[in-house]
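Chemist: give me a model of this one.
(chains A and B)
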Number of protein chains: 2
Amino acid sequence: MGVMEGTRFFPSTLILFTISLVLVFTWVSLPHASPHPEELLDCTSDAFFNPRTDETATRSDHASDVPRHPLHPLTVQEINRIKDLILAHNLFTGSSTPYALHSVSLDEPDKLLVARWRKGYPLPPRRASVVARVGGRFRVLTVDIGSGAIDVLDDAVPASGYPLMTIEDTTSATQVPFSDAKFNSTVESRGVKPSDTICLPLSTGWYGAAEEGRRLINVQCFSSEGTPNFFMRPIEGLTVLVDLDTMRVVRIVDKGSTIPIPKADNTDYRFSQVNVNQRMNLINPISIEQPKGPSFVVEDGHTVKWANWEFHLKADPRAGVVISQARVRDSETGEMRLVMYKGFPSELFVPYMDPTDGWYFKTYMDAGEYGFGLQAMPLDPLNDCPRNAYFMDGVFTAADGTPYVRSNMICIYESYAGDIGWRHTESPITGMGIKEVRPKVTLVVRMASSVGNYDYIVDWEFQTDGLIRLKVGLSGILMVKGTHYSNLDDVPLQEDLYGTLISENLIGVIHDHHIAFYLDMDIDGADNSFVQVGIKKEQTSPGESPRRSYLKAVRNVARTEKEAQVKLKLYDPSEYHIINPNKKTRVGNPVGYKIVPAGNAASLLDLDDPPQKRAAFTNNQIWVTPYNRSEQWAGGLFVCQSQGKDTIAVWSERDRPIENKDIVVWYTMGFHHIPCQEDFPIMPTVSASFDLKPVNFFESNPILRIPPNLEKDLPVCRPAA
Amino acid sequence: MGVMEGTRFFPSTLILFTISLVLVFTWVSLPHASPHPEELLDCTSDAFFNPRTDETATRSDHASDVPRHPLHPLTVQEINRIKDLILAHNLFTGSSTPYALHSVSLDEPDKLLVARWRKGYPLPPRRASVVARVGGRFRVLTVDIGSGAIDVLDDAVPASGYPLMTIEDTTSATQVPFSDAKFNSTVESRGVKPSDTICLPLSTGWYGAAEEGRRLINVQCFSSEGTPNFFMRPIEGLTVLVDLDTMRVVRIVDKGSTIPIPKADNTDYRFSQVNVNQRMNLINPISIEQPKGPSFVVEDGHTVKWANWEFHLKADPRAGVVISQARVRDSETGEMRLVMYKGFPSELFVPYMDPTDGWYFKTYMDAGEYGFGLQAMPLDPLNDCPRNAYFMDGVFTAADGTPYVRSNMICIYESYAGDIGWRHTESPITGMGIKEVRPKVTLVVRMASSVGNYDYIVDWEFQTDGLIRLKVGLSGILMVKGTHYSNLDDVPLQEDLYGTLISENLIGVIHDHHIAFYLDMDIDGADNSFVQVGIKKEQTSPGESPRRSYLKAVRNVARTEKEAQVKLKLYDPSEYHIINPNKKTRVGNPVGYKIVPAGNAASLLDLDDPPQKRAAFTNNQIWVTPYNRSEQWAGGLFVCQSQGKDTIAVWSERDRPIENKDIVVWYTMGFHHIPCQEDFPIMPTVSASFDLKPVNFFESNPILRIPPNLEKDLPVCRPAA
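Modeler: Got it, this is the predicted structure:
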């Protein structure tokens, strides 16, 4: 679900916004964990253990940040300079209409330059990629921050669609209906006071020529009377189409005049509002404790070093979290070996399954429309992330070019859930007395993006055995539909509710979530191949064996893109390996990683349905493309009102060679969500994941020699005073 | 993999076994956690926090155990009485051949009696179900422990197959080859000293009439020279067929005389043997800490109460862990509501994918052949389960009828991994300032069964939101095959290795694991229905909508068994609900739970292949049957050398009515395992899971009113001295 909240309480939202930027400018230095266990101080003060639990104590203005790595995101100083450079450019000085910057991000140096760079070397030239609206047109610019040179890349502007909406676009749009008398009277006729009305900007999708030529948004509204959970009180059937450039009402449709506004009862989810007698204290306090502090460090603000892993981590306004240059230490040689050059959530697709008037267009692409990173709010210490978590901020750019800080947007922590890394017990009758068990501890990098009502929790989880798990959790609030019905018994048998009656007058509409990950795997170097290891039934010949059948692994190296488009099948399974065909283990296996799907859901919409064409990355679960700087966003660079001409499905039509090339693997995970009453008024988290797992990458189990837990190493704890 | 170790070092294994039983008879009382948080003592002593970290301090002889619940497993006293009663029965007094008890377990009272029972009531009559070999025949007996009456149930003896092997069967069988001169000379000719030779009892499967009429086992052997990890040093191609009743060699096949024994190098996995300089101290100490102790209690030895859950838990020799009468508290009414009457791992199927002579028969059914519980060894405190874990013992019966204790076989602990129960953040521009996040804490019940080389970690994980996750982790040691090859480059292109070269002269053979769970779901009572909620693409009519398609939920109530046989399909998905059709929520939805599959693998063998017929429960992922006392074991009651005449596939052929009946749901999860070098010499854990999730069971989110974490509640910890 992709929506941005706006209210009519703050007609000058931009002013408020600017104030909030100022508020977060307080610098506090952060204690870092020590890089190597043997160097650890025996610090026992609470301050050391709990460095960032007080949110106000964790903010930094980042004003003095200096890039120290080629992939360091744009700094506050750099963004300010970019703004100055752009505003001085003749495109901008020559325009009389307002400008807006829809995207400002680091234009990463060539992979080769980054690969060659070492700490202490000068950085490659710092450049920014900017998408701007200026003179009524969209422009893609490259800004050389050092030299001040600006390139206008007209070829880079997609043939259809519009870029990421700015925060200012969406907040302003939600005010527009209130300027319309018909809207105000309609709302009042539904029994909602204007002061209780909260409106949301809902992207329109694209459904044909009538919607082209101007930027549009659908605004729908809710009553916040008696609840902060206004999502549960839709003014059903009222849709206001707004022109985002002129900020005028294009059309008002009201098809729900007789549908009641669902009641506010039981919708508030704030703990502060729970009657003391109704609070559920189900469990005693529980905590992950690390008496010597965490085992990771964050160097130069972005390089995370933990156990046998090292990677670069940054916030991104569109992708949310970007992991780069993930390397793992070889357990035999001690060498740091490259696994993944870059990985991030590339796009989301969230189609609702209701074809009627106020609902058909709800087919969100959250990263490209709203910004998965822009919607990631500060994490809550002790609840979003446990004690000892390290918090990282994002530095983003407002529409006018001003930098701002999203504090505590990412957290990093070590997790121990009581799980087992490996084990074996010998039966006592062998007399060997063997019981060897190793606990499993992981490092989690987390972001939670609240794209309007929905909350997406995105975890990258690193394991010492070389595995990387990508996990997406869904929580937050359902997008619901008002209805006359308050009991299923009243619904005629033939009537389709398009969802579940989850409370009186409230339908949780069926929808999907699909999330595509960009995974530029570089296993021991850039040139890799994609190998499907099919698991195929073989029949034995008569007389060959008492067995009639067995399973055989059949390797197929994909030569071109189309050979690597995969729809998962339980009854025609494969393993999906990314190997380096130029490097083999001691006994001759190519080194590699495999993608291990877990639970998944596929998009089942018509391939010709407009939303499916725009989100055609969901046509397969796996795609493999040759690395191409311009192909990062699975649904295209410009996604708002896009027509599907710039998706991975289009790029892949060229069927380019991918064998022994620098390749990018795209994996899409999905959820079908038929809501249920437990999702009301706020949803318990539902998660799914997939793994990147070493397969003949190491010569042997890389954590064979880790120690077990011993009582003497564990903390001594007491309840807080 | 289903194997039991035996060695030739202990020709009188039974004596040793008996000694070990005596050794564990030491009683120590256990501190229990307090049932309600408000009653918690503020105990800060280490002893309170870490009640059972010293294994020797945790053992109980259970000699004084008294059953306090109708489902309480047989006690030491009861087993002793059963032995006395049986040995006095004329079947036994009249037989001149040795007897053996293959299975002794509680014959649970009728469900209705159990449901009506309340604490303080007298127990229903205690009865045992016994499978005995006596007078050369297998008998199924029911023993009334109170009255002493014994019923001989000749109808209950399956038409084919033999029962669970006894520990004594398997340990004795591994000694038999050493009495054969040809075997000894063959082993010596392969360069293995008899004193280094360790043999394993490998069940034969069933491949036709030639193998009928006597109990058989294949014995294969390994060299333990230079390593405790003898599994990595197979004497390849040498198979000794042994008659389990006569304990004589039937046949010796040697097809590997030229295949070298793989080297011992790098195979030892014991931490004590790791050179100090090679130890990998990757992380600082980390622990789950509970300053006020855990939030669960175990009443009367078996009733677990935690948060909003309550269930009965016991060890079982065949199933491992049995959960009964799982109830969750209704968040609105406070009532304890029944979810599941009984759940346990019913059978495993582990076929190896090599049709050649020494391998084709390796198609294990671990629960029915070896006993999933019998092979579950004591858990390792701090490593198998974190601090604050509670350990539960199993009380089992040796072949002669003597009770023995498997200490620390099950653990129970609360887990917090840093995950999120639910969350929502409002964008700051709404001015609402909402950031509500609740941590996710779960209760884990764990067993680790070491069926020879493989270790299966079985977790039942209870969540406060009503979800139950069943997770199976695989670790331990691969079953490997010796080979001439030491590098893949030497293998002719056409040659099938049936696996991966994981080290010099060592092939990890491809195999599957399939685990069937018996789930007697009783959602608010016994009579339930199984509903497939199909997620179907609907086309819109021309002009109906700008959308061409959407997804619709189509409910189909299964009337008979065959309508509930499910093969999962990504492109034809469903939800799988178990509902109580006689109870609805406030707004009219039937209350229910759903089975949520995650990653899975299906058996792909020929339906007519003998192993597939025996393990026909893997023909579907889901089956639903009407409750029937005698149908508990998905692969049949007698599994050794079974012919597949007593599996769920056969029972279901009757296609009995299942709508609004007391039904049992069977879910099978699977793994395809193509080994890789990381699995050598011991495998990092691989896990898969599925969920039982409330769906309109509660009126709303049942954990809406739980509190967030607060700093003041969390412990103050310091490193141990």
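
Chemist: pull out the buried positions in stretch A:156-170.
Modeler: Residues of stretch A:156-170 classed as buried: A:157-158, A:160-167, A:169-170 (neighbour count, 16 or more other C-beta atoms under 10 Å in any protein chain shown). C-betas here are computed from N, CA, C, even on glycine.

Chemist: most widely separated two among those residues?
Modeler: A:160 and A:167 (23.6 Å; C-beta to C-beta).

Chemist: for the closest residue in space to residue A:640 that isn't next to it in sequence, give its distance to residue A:388.
Modeler: Leaving aside its sequence neighbours, residue A:640 sits nearest to residue A:162 (C-beta to C-beta, 6 or more residues apart in numbering or on different chains; 4.1 Å). Relative to residue A:388, residue A:162 is positioned 43 Å away (criterion: C-beta to C-beta, to the nearest Å).

Chemist: could you list the low-pLDDT ranges of chain A?
Modeler: A:1-59, A:428-429 (pLDDT under 70).

Chemist: residue A:444 touches residue A:415, doesn't it?
Modeler: Yes: counting by C-beta atoms under 8 Å, residue A:444 does reach residue A:415; the two are 5.2 Å apart.

Chemist: residue boundaries of the helices in the stretch 151-300 of chain A?
Modeler: Here the stretch 151-300 of chain A has its helices, by DSSP state H, counting those that start in this stretch, at A:167-173, A:181-189.

Chemist: quick one: buried residues of the last one?
Modeler: Buried residues in helix A:181-189, counting neighbours by 16+ other C-beta under 10 Å, are found at A:183, A:186-187.

Chemist: picking that back up, output the buried residues of stretch A:156-170 in TSV; the columns should cover distance to residue A:97.
Modeler: Below are these laid out as TSV (distance: C-beta to C-beta, whole Å):
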residue	distance to residue A:97
A:157	18
A:158	21
A:160	22
A:161	20
A:162	16
A:163	17
A:164	19
A:165	18
A:166	15
A:167	20
A:169	15
A:170	20
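
Chemist: go through the residues you listed and name the one nearest chain B.
Modeler: For the buried residues of stretch A:156-170, the residue nearest chain B by C-beta to the nearest C-beta is residue A:167; the value is 7.6 Å.

Chemist: how about the closest one, nearest residue that isn't a chain neighbour?
Modeler: residue A:374 (6.6 Å).

Chemist: likewise for residue A:203?
Modeler: Closest residue in space to residue A:203, ignoring its immediate chain neighbours: residue A:369 at 4.6 Å, by C-beta to C-beta, 6+ apart.

Chemist: select the longest strand from chain A.
Modeler: Longest strand of chain A, by residue count under DSSP state E: strand A:403-425.

Chemist: who are the packing partners of whichever helix or strand comes after that strand?
Modeler: As assigned by DSSP states H and E, the chain's next helix or strand after strand A:403-425 is strand A:435-451. Contact here means 3 or more C-beta pairs under 8 Å, 6 or more residues apart in numbering or on different chains; DSSP states H and E; on that basis strand A:435-451 packs against strand A:303-306, strand A:309-316, strand A:320-329, strand A:403-425, strand A:454-463, strand B:420-425.

Chemist: I'd like those laid out as TSV, including mean neighbour count.
Modeler: Listed next are these as TSV, based on neighbours: other C-beta atoms under 10 Å in any protein chain shown:
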stretch	mean neighbour count
strand A:303-306	20
strand A:309-316	22
strand A:320-329	22
strand A:403-425	23
strand A:454-463	24
strand B:420-425	24
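
Chemist: got a list of what the residue of the stretch 351-500 of chain A found nearest chain B touches?
Modeler: The stretch 351-500 of chain A approaches chain B most closely through residue A:488 (3.1 Å), counting by C-beta to the nearest C-beta. Listed by C-beta atoms under 8 Å, 6 or more residues apart in numbering or on different chains, the contact partners of residue A:488 are A:501, B:584, B:587-589.

Chemist: by neighbour count, which of the residues you listed wins?
Modeler: In terms of neighbours by other C-beta atoms under 10 Å in any protein chain shown, these top out with residue A:501 at 25 neighbours.

Chemist: identify the bridge partners of that residue.
Modeler: Beta bridges link residue A:501 to residue A:507, judged by DSSP bridges.

Chemist: tell me who's in contact with it.
Modeler: A:483, A:485-488, A:491, A:507, B:587-589.

Chemist: also residue A:94?
Modeler: Neighbouring residues of residue A:94 by C-beta under 8 Å, 6+ apart: residue A:135.

Chemist: kindly report the same for residue A:521.
Modeler: Counting by C-beta under 8 Å, 6+ apart, residue A:521 has contacts A:339-341, A:528, A:578, A:593, A:663-665, A:692.

Chemist: that one - nearest residue in space that isn't next to it in sequence?
Modeler: residue A:578 (4.5 Å).

Chemist: with residue A:146 instead?
Modeler: residue A:125 (5.5 Å).

Chemist: one more: residue A:331?
Modeler: Of all residues not flanking residue A:331 in the chain, residue A:702 sits nearest, at 3.8 Å (C-beta to C-beta, 6+ apart).

Chemist: on the three-state scheme, the one you found is what?
Modeler: Here residue A:702 is recorded as coil under DSSP: H, G, I helix; E, B strand; the rest coil.

Chemist: wait, what's in contact with it?
Modeler: Counting by C-beta under 8 Å, 6+ apart, residue A:702 has contacts A:308, A:328, A:330-331, A:464-466, A:694, B:678.

Chemist: where does the stretch 551-700 of chain A get nearest to chain B, residue-wise?
Modeler: Closest point on the stretch 551-700 of chain A to chain B, by C-beta to the nearest C-beta, is residue A:588, at 3.1 Å.

Chemist: mind listing what that residue touches?
Modeler: Residue A:588 is in contact with B:487-489, B:501, counting by C-beta under 8 Å, 6+ apart.

Chemist: going by distance to chain A, which of the residues you listed wins?
Modeler: Closest to chain A, out of all of those and judged by C-beta to the nearest C-beta, is residue B:488, at 3.1 Å.

Chemist: quick one: that closest one from residue A:590, how far?
Modeler: The spacing between residue B:488 and residue A:590, counted by C-beta to C-beta, is 9 Å.

Chemist: anything in contact with each of those two?
Modeler: By C-beta under 8 Å, 6+ apart, the residues touching both residue B:488 and residue A:590 are residue A:584.

Chemist: what is in contact with residue A:444 and residue A:415 at once?
Modeler: By C-beta under 8 Å, 6+ apart, residue A:444 and residue A:415 have these common neighbours: A:461, B:418.

Chemist: sorry, back to before: could you dump the contacts of residue A:588 to JSON lines with secondary structure?
Modeler: Converted to JSON lines, these look like this (three-state DSSP):
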{"residue": "B:487", "secondary structure": "coil"}
{"residue": "B:488", "secondary structure": "helix"}
{"residue": "B:489", "secondary structure": "helix"}
{"residue": "B:501", "secondary structure": "strand"}
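
Chemist: these: which two are farthest apart?
Modeler: Greatest spatial distance in these: B:489 and B:501, 10.1 Å, computed using C-beta to C-beta.

Chemist: check the stretch 101-250 of chain A for the residue nearest chain B and tell me.
Modeler: residue A:207 (3.7 Å).

Chemist: and for that residue, nearest residue in space, chain neighbours not counted?
Modeler: Excluding its sequence neighbours, the residue lying closest to residue A:207 (C-beta to C-beta, 6+ apart) is residue B:546, at 3.7 Å.
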